[in-house]
Structure formats: C-alpha cells, structure tokens
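> Prediction below, plus the sequence it came from.
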Protein chains: 2
Amino acid sequence: MGVDPGLTRCGLGVVEASSGRKVGLVACGVAATPAGMDLDQRLLRIAAQIGDWLDQYQPAALAVERVFAQHNQMTITGTAQVAGLAMVEAARRGIEVALHTPTEVKAAVTGTGGADKAQVGRMVARLLQLSEVPRPADAADALALAICHAWRPATLSPLGAAATPAQKAWLEAERAARRGGRKKVTV
Amino acid sequence: MGVDPGLTRCGLGVVEASSGRKVGLVACGVAATPAGMDLDQRLLRIAAQIGDWLDQYQPAALAVERVFAQHNQMTITGTAQVAGLAMVEAARRGIEVALHTPTEVKAAVTGTGGADKAQVGRMVARLLQLSEVPRPADAADALALAICHAWRPATLSPLGAAATPAQKAWLEAERAARRGGRKKVTV
C-alpha cells in the first residue's frame, strides 16, 4: 500500500504484486479533509481513514513518500504530519514501513527519476492495465509508491546483471538519495 | 497538559490551574527515543507515551507548540510529526487541542515575548513553587505551554482593563501571530 501524504488530499493506493513484474490494482482513492476544519480533527480523520485501509487490505508493507523539508515550504508541516500518522498507523499494526523519495518512485515506474507527474500517471495506468489514469493525481502517486516498493530491488545485487533499466535507475536514485541523505532533512 | 514536540526528546508537562493565577505542578518529563531507531517505531513510541499521559492525567486541554516551517530546518519534519501525533492522540480522546507559538508562551510566562530559555525555566520554577528549574529544558517548555494555555485570556476583552502585564503581552503576541499567520506556514 502506498501513501502520498497530504492534508487536503492524501493519496492511498493498494496493489498486488505477483512474481515477476506483474502488478494489479486492488484499490485507490484519497482521504480528503476541508481546509476550514480544525487541524487536530483533520489529522484524526486522515489517520482513521489510513487505519481503515490498513485493516481492510492488510498490506504486507506501507510505502510512504519521503518528505524533504526544503521542498514545498507552504505545506511541509501538514505533509510531514500526515506521513508521520501513516507510519504510526502501520507500526501499530506491525506492518513494515518503507520511505521512498519521489525520484526513486519515478525511476521505478518510468525508468527515469526526472519523469513528470503525467508520465508517472500514464505508466501507472499502463502497468495496472487501466483504461484511464487514476484520478486525482494523489491516488496515482500512491499507486506509483506501492509499485515502487513492490519492485524494490532488495534481492538484487547493486550491480546485478539481472536488473532491468528501471531497476538500475531505481538503484541509482536510491544511492543518490543515500549520498545526499546526511545533508538533507528527511522523514 | 503541554507538549513541546521533538523526536529525540518530546517535553510533557501537566499543571493544575485554580481560579486566579495559581498553578501547581502535576507531572513533567520527556518521551525520548534513540536516534538509531526506525522512524516509524520512534513515532509509535512517542504517540503511545503521549496517549498514556492523556489517559493518566485526563487534562482539560492539550497545548502543543505551534511549529513554523521556516525555523529549525534540520529537525522540522520530526518536530511537525510529533506535534501532529500529539494532536491526534488528544482528538481521539475528545480532548481540546490548542496551539501556541513560542512567543505567546514566553509572553504568558515571563511577560515578554523575547525571553530566553533560561528565563522561561526560572519563571516556570517560580510559578510552580519548585526549588529547581525542571530538567531537561523540554520538560520546562512543556510546563510553560500548559501554564500559557491555562492563563489564556479567552474571557478577557482584548482591551480589558483587568489584564495583567503578562496577559497584555500574551494578547499582543497572539495578535502578532495572527497578523503574520497568513504569510507563515504553521501547524
């Protein structure tokens, strides 16, 4: 299950991954809260929805987008808070939590870390054999996170000859994130 | 109850406030997590401790320090996440949540929004009639938040002649925070 954290719209996506590179859509949607609602009530509502999805779909892992403090200054605190809530809801249920950077997700799904949102959406639709790109974009991003995690090259050697171009791009993005990790603020 | 959010040390403080300006210490401490622990487990542990304190002390309200995205770039995401968790733990229990800026807290406790940490600690000790400043500083800051909220001039007219100098400073700090609020990113 992937979570694209956000206070106004939090993307949620569940995929099933079989052996090889096959993935299938299980569910996608958003947990939305109105901007006029008190912050504690917004956060409570989102946490409850994420918890409901975790209970309903019982994913093997929850993949959450890694939040960088230097990005999106205007929404960073809300985004970070929703990411934190998602992690706690998973941890409370004993579900593995993984963080993936936007670059890792793009690289995993499209083969290039520099892909734009539309490319990611189209590839998500293609990989899941959907006739349309999932909407809103937050839901598609959550599915991309879930696919990224399902395809993580954990069992591959970093130089594994079996890696596909997308997996190689993923590994490079991950290494770049690790190199930069000590200078950046991440969740 | 006040919460000074932090991932390494989260300050917790409970006071009881009677009529007038009397306040008494009920409890203070920190929820600490080791830096080497997985983030989801750290957040889960802090959320559980805040929840335990809320269950044990059943405060009338939870006062959380308002997190500004432009401050403390290196720790902002962790701080924001812990603040969000505290809010959700309170909201889940039907406990009122209030956010106060550091300036409001300093003004409420010392009479000036520009007070330093040591001044705040000394005033907290004096107000609570403690022989020493509570340690670590995070615990003293949490107590200051709780006192600030107990003393919020909610029932005073903004120009109320009955306001003490500290309450006037509080009101000014609150108004300043409101004026700046639309430009700043707050939780």
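Everything's here; your move.
> quick one: residue A:17 from residue A:143, how far?
12 Å (Cβ to Cβ, to the nearest Å). For glycine as for every other residue, the C-beta is placed from the backbone atoms N, C-alpha and C.
> Neighbour count for the two, which is higher?
residue A:143 (32 against 15; other Cβ atoms under 10 Å in any protein chain shown).
> That one: which element?
According to DSSP states H and E, residue A:143 maps onto helix A:137-150.
> Wondering if that helix reaches chain B at all.
No. Counting by Cβ under 8 Å from any Cβ of the partner chain, chain B has no neighbours in helix A:137-150; the shortest distance is 14.0 Å.
> just checking, what packs against that helix?
strand A:2-4, strand A:9-17, strand A:23-32, strand A:61-65, strand A:96-100, helix A:102-110, helix A:117-127 (3 or more Cβ pairs under 8 Å, 6 or more residues apart in numbering or on different chains; DSSP states H and E).
> Output the longest helix belonging to chain A.
In chain A, assigned by DSSP state H, the helix with the most residues is helix A:39-57.
> who are the neighbours in contact with residue A:81?
A:7, A:43, B:80-81, B:83-85, B:187 (Cβ atoms under 8 Å, 6 or more residues apart in numbering or on different chains).
> Hmm, I typed the wrong one, I wanted residue A:145.
Counted by Cβ under 8 Å, 6+ apart, residue A:145 has contacts A:2-4, A:13, A:63-65, A:100, A:105.
> same deal with residue A:141?
Here residue A:141 is in contact with A:2, A:4, A:11, A:13, A:65, A:105, A:117, A:120 (Cβ under 8 Å, 6+ apart).
> Need the buried ones from the residues you listed selected in PyMOL.
Those of the contacts of residue A:141 that count as buried under 16 or more other Cβ atoms under 10 Å in any protein chain shown are selected in PyMOL with:
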select buried, chain A and resi 2+4+11+13+65+105+120
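> Now the residue positioned nearest the centre of chain A. Nearest residue, chain neighbours left out?
Nearest to the mean C-alpha position of chain A, counting by Cα atoms, centre = their mean, stands residue A:145 at 2.9 Å. In this structure, residue A:145 finds its nearest non-sequential neighbour in residue A:2, 3.0 Å apart by Cβ to Cβ, 6 or more residues apart in numbering or on different chains.
> The one you found contacts residue A:138, correct?
No. Assessed by Cβ atoms under 8 Å, residue A:2 is found out of contact with residue A:138, at 10.3 Å.
> joint contacts of the two?
residue A:11.
> Point out where chain A drops to low pLDDT.
Judged by pLDDT under 70, chain A has its weakly predicted residues at A:69-74, A:154-168, A:170-171, A:174-187.
> picking up where we left off before, now, among the contacts of residue A:145, which is nearest to chain B?
residue A:64 (8.7 Å; Cβ to the nearest Cβ).
> what about that closest one, neighbour count?
Residue A:64, neighbours per other Cβ under 10 Å, totals 28.
> what sits against it?
A:2-3, A:5, A:83, A:86-87, A:97-100, A:145.
> Out of the residues you listed, the closest to residue A:38 would be?
residue A:5 (19.0 Å; Cβ to Cβ).
> Let me see the contact set for residue A:18.
residue A:24.
> What distance do you get for it to chain B?
26 Å (Cβ to the nearest Cβ, to the nearest Å).
> How many residues are close by residue A:58?
Neighbours around residue A:58, by other Cβ under 10 Å: 11.
> same question, residue A:147
25.
> go on, the one 4 residues further on?
Residue A:151 has 18 neighbouring residues, counting by other Cβ under 10 Å.
> backbone phi and psi for it, please?
phi -100, psi 10 (degrees, to the nearest 10).
> State the number of residues packed around the spatially closest residue to it that is not a sequence neighbour.
Nearest residue to residue A:151 in three dimensions, chain neighbours excluded: residue A:108, at 5.4 Å (Cβ to Cβ, 6+ apart). Neighbours of residue A:108 under the rule other Cβ under 10 Å: 28.
> Isn't residue A:108 up against residue A:172?
No. Residue A:108 is beyond contact range of residue A:172, at 11.2 Å (criterion: Cβ under 8 Å).
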